[in-house]
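>>> With the sequence up front, the predicted model follows.
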Amino acid sequence: MEFLYSLSLAFKSLLNKELTTVSVINGIFWAIVWFGLSFLLWDPFLIVTSVLINILPFKFLQVAGAEFILMIFWLQMILITLGVIFSLFNQLLSKKILPVFISLIVALFWSFVFMHYYDGMIEYIQHLIRIFPFTTIEKAVSVIFNIFVFYSFYIASLYLGFLFISIKKVNNIIKNEYPDIEIPHKFSRVKIFYILIRDLFFFLVLLFLTYPLLFIPVLNIFVIIFLWSFLIKNALSESVKMEFGCDFENKKLVWFYSIFSVLFNFIPVVNLFAPAIGILSFSYYCMEQKLDKEI
């Protein structure tokens, strides 16, 4: 229950104008940086991704591609709906039990809608894919894979930049909510930079080993979420540990908060606030645990 309660508090804190402004500026800055870098590095990366894609059979790409697109739409609708509900009705969701039922109802609703219209939507998407010739499909998938790689670089930079410039703002928000709890303030930018660069390297290794799974319906969504969560989870948890003095013994919670944060990277514009949601939800859970111990 505390997991979803801390998420609702994180959404409430996103109304902080200063934090929102920093999130937008940070996101736009790194978008410009990686747009420029992708322009310079596009061709070398495309050669590598094309070789990897050529190994996979065309029919496999065609069918899996349609279901992958549909899964992305399904996930986006759930996240957008939850984001709107948590933002508009945060006061009503202050009770720890209520967010659980709201999340479940939203997920079930969109699951029912997509299951009901599944055949028609899949047929339409496959029809669009079949319009293109074999070589174009092959190239298109390589381009999409290339975009995924560069977008993952962008995500790593997005979290790094936000943690570097916003940790004090997050600290002030948390301090206002929990004025009587001591905060150690031992955040180290050097350590966070090292952690993210290290995990980015391992992310690329895992991506190379698991890329065929990205084209298996349903499983591909879980693979992407796992890879992105792996990429940022240590940086988020270590930031909270250093700044607020919490050692997350429950590693499952670290994964849960990281997963929830990276889910917003599937939604354009909303992804700018993914790092803020991640660090705030981690921080609120940390402080709730400290508060429980004091009681």
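Received, thanks. Numbering: from 1, shown residues only.
>>> Tell me how many other residues surround I32.
10 (other C-beta atoms under 10 Å). Every residue, glycine included, has its C-beta placed from N, CA and C.
>>> What pLDDT is listed against it?
Note on I32: pLDDT of 93.
>>> Ramachandran angles for it?
Backbone torsions of I32, given as degrees, to the nearest 10, read phi -70, psi -40.
>>> Next: E182.
phi -70, psi 140.
>>> Give me the distance between the closest residue to it other than its chain neighbours and S6.
For E182, ignoring the flanking residues on the chain, the nearest one in space by C-beta to C-beta, 6 or more residues apart in numbering is G245 at 7.6 Å. G245 sits 16 Å away from S6, going by C-beta to C-beta, to the nearest Å.
>>> and those two? which has more neighbours close in?
S6 (24 against 16).
>>> Relative to L280, how far out is the more buried one?
When S6 is compared with L280 (using C-beta to C-beta), they lie 8 Å apart.
>>> same check, this time on D180
Counting by C-beta to C-beta - D180 and L280 are separated by 20 Å.
>>> more neighbours, those two?
Higher neighbour count among D180 and L280: L280, with 28 against 6, using other C-beta under 10 Å.
>>> wait, doesn't the more buried one sit right on N172?
No - here L280 does not reach N172: they are 12.0 Å apart, not a contact under C-beta atoms under 8 Å.
>>> Report the distance from stretch 41-49 to the chain centre.
24 Å (C-alpha atoms, centre = their mean, to the nearest Å).
>>> Alpha carbons of that stretch, in CSV - could you do that?
Provided in CSV are the C-alpha atoms of stretch 41-49 (Å, rounded to 0.1, in the frame of the first residue of the first chain):
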residue,chain,number,x,y,z
LEU,A,41,26.4,8.6,-35.4
TRP,A,42,23.3,7.4,-37.2
ASP,A,43,25.0,5.6,-40.1
PRO,A,44,27.5,3.6,-38.1
PHE,A,45,24.8,2.5,-35.7
LEU,A,46,22.4,1.7,-38.5
ILE,A,47,25.0,-0.7,-40.1
VAL,A,48,25.1,-2.6,-36.8
THR,A,49,21.3,-2.7,-36.3
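>>> which intervals of the stretch 1-150 of the chain have sub-threshold pLDDT?
Low-confidence segments of the stretch 1-150 of the chain (pLDDT under 70): 1-3, 57-69, 72, 83, 86-101, 103-104, 126, 128-138, 140.
>>> how about the helices in it?
2-13, 17-54, 58-88, 98-116, 118-130, 134-177 (DSSP state H, counting those that start in this stretch).
>>> Helix 2-13 and the longest one, what's the angle between them?
Okay, so that is helix 134-177. Orientation of helix 134-177 against helix 2-13 (axes from the mean of the first three to the mean of the last three C-alpha atoms, to 10 degrees) gives an angle of 90 degrees.
>>> what's helix 134-177 packed up against?
helix 17-54, helix 58-88, helix 189-210, helix 219-244, helix 274-294 (3 or more C-beta pairs under 8 Å, 6 or more residues apart in numbering; DSSP states H and E).
>>> For G161, find the nearest of those.
helix 17-54 (4.6 Å; C-beta to C-beta).
>>> just checking, what packs against the closest one?
Right, helix 17-54 is packed against helix 134-177, helix 274-294 by 3+ C-beta pairs under 8 Å, 6+ apart.
>>> Repeat the analysis, applying 10 Å as the threshold.
helix 134-177, helix 189-210, helix 274-294 (3 or more C-beta pairs under 10 Å, 6 or more residues apart in numbering; DSSP states H and E).
>>> T81 against L108, yeah?
No - counting by C-beta atoms under 10 Å, T81 stays clear of L108, with 11.5 Å between them.
>>> Now do the shared contacts for the two.
Listed as contacting both T81 and L108 by C-beta atoms under 10 Å, 6 or more residues apart in numbering is no residue at all.
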